[in-house]
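*Asks:* sharing a model prediction with you, sequence too.
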Amino acid sequence: MKPSIPLLLAALLSACAGGPVAPPQHSFDVHALAERPSASTRTLADPQGQAVLVATRPELTQRDVQRAELASVAGGEPAVQVQFSPDASQRLARLTRAEQGKALAVVIDGQLKLMPKVDRPVDDGRVLLTGFASRQEAETLVRQLNALRNKPVQPEQKSGGQP
């Protein structure tokens with residue numbers, strides 16, 4: 001009986017010990033909003049918990065980010081200045097011309113975090129994201145965007161709990 005205890009213990013330990021823990025995968029995407037559900041749309045919850053219909057395919061991803069910097073707007077509210085690559089800047093200009101007066105969905109790590117309204121076409125490839133809950137949240141996004149820009153885009157994980 002005693003020789004089987006070490007074997008049992010070894011089996012239990014090997015079952016509990018998985019491979020190395022993978023670092024969390026982050027993502028940053030910009031999606032157009034949709035008016036009607038279709039095969040190319042999905043529903044996400046906005047920061048207030050309201051259902052929002054967005055295009056499944058992102059218009060811009062972290063691969064398109066050239067750099068991100070911490071900024072602030074009137075009143076000292078935190079903001080993030082994002083500079084997109086030349087190719088992405090052209091896509092951003094087309095997108096903002098088409099979506100002028102509407103909001104875009106900024107999806108971070110699979111969650112709808114910001115819905116900036118397009119006031120005017122963005123022709124210079126730079127956007128200023130506002131609406132962060134804290135300076136720390138804006139700083140975290142800057143770090144993530146600068147770290148992600150050279151990493152491959154990870155497919156988003158679909159959860160069964162989408163609204």
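*Replies:* Structure received. Numbering: from 1, shown residues only.

*Asks:* and the next element down the chain from the worst-scoring helix or strand of the chain on mean pLDDT?
*Replies:* One helix or strand of the chain scores below all others by mean pLDDT, DSSP states H and E: helix 4-16, with a mean of 41. Using DSSP states H and E, the next helix or strand after helix 4-16 towards the C-terminus is strand 28-32.

*Asks:* immediately after that following strand, which helix or strand?
*Replies:* strand 41-45.

*Asks:* give me the helices and strands touching that following strand, please.
*Replies:* strand 51-55, strand 111-114 (3 or more Cβ pairs under 8 Å, 6 or more residues apart in numbering; DSSP states H and E). The C-beta positions use only the backbone N, C-alpha and C, and glycine is treated the same way.

*Asks:* that strand vs strand 51-55, what angle?
*Replies:* Relative orientation of strand 41-45 versus strand 51-55 (axes from the mean of the first three to the mean of the last three Cα atoms, to 10 degrees): 140 degrees.

*Asks:* quick one: strands adjacent to strand 41-45?
*Replies:* strand 51-55 (antiparallel) (DSSP bridges).

*Asks:* can you give me every residue that contacts the closest residue to Glu77 other than its chain neighbours?
*Replies:* Nearest-residue entry for Glu77: Thr130, 6.4 Å, with adjacent residues in sequence omitted and distances by Cβ to Cβ, 6 or more residues apart in numbering. Neighbouring residues of Thr130 by Cβ atoms under 8 Å, 6 or more residues apart in numbering: 73, 77-79, 114, 116.
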